[in-house]
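1. sequence and predicted model, in that order:
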Amino acid sequence: MKKVAIVGAGQSRYGDFPDKGIKELFFEAYKDMISSVDNGIDPKSIESAYIGNLGSGGFQLGNMSALVTEYCGLTHLNTMRIENACASGGYAIIAAAMDVLSGAHEVVLAGGVEKMTDVSGMKQKYWLGVSGDTEYERLAGTTFAGLYALMAQRHMHEFGTKREQLSMVAVKNHKNGAQNPKAQFQREITMEQALKGPIVAHPLNLFDCCSTTDGASALIICDADMAKKYTDTPVYVAGFGGASDFLAIHDRVSTVALEGTKRAAAAAYKMSGLSPKDIQTAEVHDCFTIAELLAYEDLGFCEKGKGGQYMEEGHTKLDGDRPVNASGGLKSKGHPIGSTGTGMAYEMFNQLRGTIQKPARQVKGAEVGLIHNVGGSGGTVAVSILRR
Amino acid sequence: MAHVSVPMYWRTIPQRYKLIGYKCKKCGAVNFPPKGVCKQCQSSSEFEETHLSGRGKVHTFVLISAGGAPPEFAEQEKAGGQYPVAIVELEEGPKVIGQIADIDPKEVKIGMPVRTELRKIYTEEEVIRYGFKFVPA
């Protein structure tokens, strides 16, 4: 079977940038991607592009992938917007990989972009509630913080997960993000701050929640046979998987697991011939602290119910045996919805090649890494396993 | 936008006012809200309408504070402080989400028995929306 490689990866800074729209943000990531290709790449060789995007507040719902690519000087592409809520970027990678594997195109761009800070706080919530079950979850008065709080409460009830264990995720990810010059929040927080944040949706407080972010990221994906033309150190897409689930969490059998994560991971593990024990580092979808603990369990890093303990034991810290969210995660690096998945791949590309800008954040010697991208409260999940 | 428009609301009135569930003729699972194909056996689209009792137990809950309330619920949060939302496991089987009214939020517990009552949810687009909320049983 054909194989697929990533030969270049770029990311804009994540944050709040009033002077940049989706075109400018995407161009920043694009330029960074082009310059990351060791032996150079002729932009004219890019034949196809998949751009993850939720909708950037509704400002450019139609034809946005053509818009952001033509701004970069790329026209006449096979291009389309990929939308699976917060997992859009993760699915852009899958779409690009399938494109190359099909033989239709050899050099494909997978990217993502979101502009979230143009809309006012009130309007943002109208816009952001769009990826869950609107008819019932929304009419009960919840947003995503509320839905993840429902999972957190049940997880605490069934498994004795502690409030402090949730906060440990926030403290860890901020510590990592403080070392990431492209992160939205480059500062550490204390355990006390994390525990005492204003309540958003009990049991979750402000420091359990990720932010709204502007940002973009882009990858060059090509046939593995031609990867060495671009770089001596390509990163291979060893496996990928996507899985959907009921949108409303009340429709799901379990409220303490994301079945989408389990299924997407199982597909990625199967395709790669690898298993959870082979994963040396991961970027997981920590939109809320509880989501990172669920990810540990559902990706098979620990047993169901032991996510809090796994965090507390330090396995996933930078100096642990399986660092998770070395980038700072959604929590500290930021969560520009459409860009989040390809942004994770940007981080993993650099982690596996040993090219992280600040050595404090470099995971040493990792050859295999996993990226995990969740749409909504688990309605869609994309997992990819990358290998040096 | 993500708020519930009037037509969207109108189409779900049988569920909101009368708790109409749909019992799968093949496996017997009660689907609430309705699905095209039974969510349990995923192999039948033949259903029998059934009135749900509205009685059940709290499976999990959240207390929504200012930052966690959708804008159309901000008024409610401002007037009454944090409000509880629960996933309730109904005695007929399905789980469903709804607010819990007539209770001090601190008193909400997993496992507590509740029942539905028809309540006003809010007014939007100049139309009063009614639906079920849970109250302690």
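-> Yep, it's here. Numbers count the residues shown, from 1 in each chain, chains lettered A, B, ... in the order given.
2. could you use CA atoms for every contact and neighbour count after this?
-> Will do.
3. state the mean pLDDT of whichever helix in chain B runs longest.
-> Ranked by residue count under DSSP state H, the longest helix found in chain B is helix B:71-80. Average pLDDT, helix B:71-80: 88.
4. stretch A:27-44 too?
-> Mean predicted lDDT for stretch A:27-44 stands at 98.
5. pLDDT weak spots in the chain?
-> Assuming you mean chain A. Residue ranges of chain A with pLDDT under 70: A:121-122, A:124-126, A:128.
6. please go with chain B instead
-> Applying pLDDT under 70 to chain B flags residues B:1-2.
7. apply 90 and report the result again.
-> By pLDDT under 90, the low-scoring segments of chain B are B:1-6, B:8, B:66-67, B:70-72, B:74-75, B:78, B:80, B:123-126.
8. most proximal residue of it with respect to chain A?
-> Per C-alpha to the nearest C-alpha, residue B:64 is where chain B lies closest to chain A, at 4.4 Å.
9. isn't that residue up against residue A:201?
-> Yes: counting by C-alpha atoms under 8 Å, residue B:64 does reach residue A:201; the two are 4.4 Å apart.
10. who touches both of the two?
-> Contact criterion C-alpha atoms under 8 Å, 6 or more residues apart in numbering or on different chains; residues shared by residue B:64 and residue A:201: residue A:146.
11. hang on, the earlier thing: do the longest helix of chain B and chain A meet?
-> Yes: counting by C-alpha under 8 Å from any C-alpha of the partner chain, chain A has neighbours in helix B:71-80: B:71, B:73.
12. same check, this time on stretch B:96-107
-> Yes: Stretch B:96-107 reaches chain A (C-alpha under 8 Å from any C-alpha) through B:96, B:97, B:98, B:99.
13. in CSV: these, plus distance to residue A:369 and secondary structure.
-> Listed next are those as CSV, based on distance: C-alpha to C-alpha, whole Å; DSSP: H, G, I helix; E, B strand; the rest coil:
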residue, distance to residue A:369, secondary structure
B:96, 38, strand
B:97, 37, strand
B:98, 40, strand
B:99, 41, strand
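14. tell me which stretches of the stretch 1-150 of chain A form helices.
-> With helices called from DSSP state H, counting those that start in this stretch, the stretch 1-150 of chain A shows them at A:22-36, A:64-71, A:88-102, A:121-128, A:144-159.
15. looking at those helices, which is buried most?
-> Of all the helices of the stretch 1-150 of chain A, helix A:88-102 has the most neighbours on average by mean count of other C-alpha atoms under 10 Å in any protein chain shown, namely a mean of 26.
16. gap between that one and the chain center?
-> Distance of helix A:88-102 from the chain centroid (C-alpha atoms, centre = their mean, to the nearest Å) equals 14 Å.
17. how about stretch A:20-37?
-> 18 Å.
18. give me the residues contacting it.
-> A:7-12, A:40-41, A:43, A:56, A:67-68, A:71-72, A:112-115, A:214-220, A:230-231.
19. in PyMOL, select just the buried ones from those.
-> Applied in PyMOL, the following selects the buried portion of those according to 16 or more other C-alpha atoms under 10 Å in any protein chain shown:
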select buried, chain A and resi 7+8+9+10+11+12+41+56+68+72+112+113+114+115+214+215+216+217+218+219+220+230+231
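20. okay, and which of the contacts of stretch A:20-37 map to strands?
-> Of these, the ones assigned to strands by DSSP state E are A:7-11, A:112-114, A:215-220.
21. JSON lines for those, including distance to chain B?
-> Below are those laid out as JSON lines (distance: C-alpha to the nearest C-alpha, whole Å):
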{"residue": "A:7", "distance to chain B": "39"}
{"residue": "A:8", "distance to chain B": "36"}
{"residue": "A:9", "distance to chain B": "33"}
{"residue": "A:10", "distance to chain B": "32"}
{"residue": "A:11", "distance to chain B": "29"}
{"residue": "A:112", "distance to chain B": "22"}
{"residue": "A:113", "distance to chain B": "20"}
{"residue": "A:114", "distance to chain B": "17"}
{"residue": "A:215", "distance to chain B": "22"}
{"residue": "A:216", "distance to chain B": "24"}
{"residue": "A:217", "distance to chain B": "26"}
{"residue": "A:218", "distance to chain B": "28"}
{"residue": "A:219", "distance to chain B": "31"}
{"residue": "A:220", "distance to chain B": "34"}
